[in-house]
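In: what would the 3D arrangement of this be:
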Amino acid sequence: MNVACSSATFAIERADCATSADQWEVVGTRLATQFSNAIRNNFGVLNRSEDSDPNARDKTFRQEGRKVFKEVVPLAAAHIEAHLAALDQAPTAVRRYWLHQANQGMNQMVIKKLVGADAGADVAPLILDEFANTASAGSIIAFHKHRADLVAGDLGVICSFGAGYSIGSVVVRKR
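Out: Numbering: from 1, shown residues only. As a prediction, this is how the structure comes out:
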């Protein structure tokens, strides 16, 4: 089947139609979810029908920060490692990791679990100092701001993780 290339601008487009000087191949994508009570919001529409204080502690957003840290770090590292293994790639073969930008310590621990050493901003850049916690968009902002120095063939991982816990990763290669 012969499909013509569109003249519209796309974030992702067919390789044979791509015209940008900054092209990336999506090598693989992966999602995972694991339930946790460490982050939750108990307030909902049904609270109004109950005979209780709608502002009570058990009706609001709760986060057990230390527990989240201890649970998310190994989950994120294992997720990325398994994703790379499925693509026959080692974590040390990745040139850059653009991670969820919630906590500098969390990112450093994830990278340490993956590459076995403390990695600097060249391997896992942070944008927290400029943008603060931008939730799952932080990994895409980090990718946008810290990709220009990569060369053709360089492998990268974009990974966000959040409440619940949900983890999503995209392995990309510079074309």
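In: going by C-alpha atoms from here, please, whenever you check contacts or count neighbours.
Out: Noted.
In: list the buried residues of stretch 69-84.
Out: 69, 72-77, 79-84 (16 or more other Cα atoms under 10 Å).
In: quick one: low-confidence ranges for the chain?
Out: The model of the chain has pLDDT under 70 over residues 1-4, 6-11, 44-50, 54, 57-59, 163.
In: in this protein, which residue sits furthest out from the middle?
Out: The outermost residue of the chain, judged against the average C-alpha position, is residue 51 (40.6 Å), by Cα atoms, centre = their mean.
In: okay, buried residues for stretch 24-36 please.
Out: Applying a neighbour-count criterion of 16+ other Cα under 10 Å, one finds 24-25 buried in stretch 24-36.
In: residues contacting it, please?
Out: Residues from elsewhere that reach stretch 24-36, judged by Cα atoms under 8 Å, 6 or more residues apart in numbering: 15, 79, 83, 87, 164-175.
In: just the buried residues out of those, in ChimeraX syntax.
Out: The following ChimeraX line selects those of those that are buried, judged by 16+ other Cα under 10 Å:
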select :79,83,164,165,166,167,168,169,170,171,172,173,174
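In: closest to residue 21 among the contacts of stretch 24-36?
Out: residue 175 (9.1 Å; Cα to Cα).
In: if I look at the closest one, how far off is residue 87?
Out: 17 Å (Cα to Cα, to the nearest Å).
In: just residue 162 next, same as before
Out: If you measure residue 162 against residue 87 using Cα to Cα, the figure is 24 Å.
In: what's near enough to touch residue 100?
Out: Residue 100 sits in contact with 107, 135-139, 159-161, where contact means Cα under 8 Å, 6+ apart.
In: which two of the residues you listed have the greatest separation?
Out: For the contacts of residue 100, the farthest-apart pair by Cα to Cα is 107 and 137; their separation is 14.8 Å.
In: ok, the two, which is more surrounded?
Out: When residue 107 is set against residue 137 and neighbours are counted by other Cα atoms under 10 Å, the residue ahead is residue 107, at 23 against 15.
In: surely that one forms part of a strand?
Out: No: counting by DSSP: H, G, I helix; E, B strand; the rest coil, residue 107 falls outside a strand, being helix.
In: many thanks, I have nothing further to ask.
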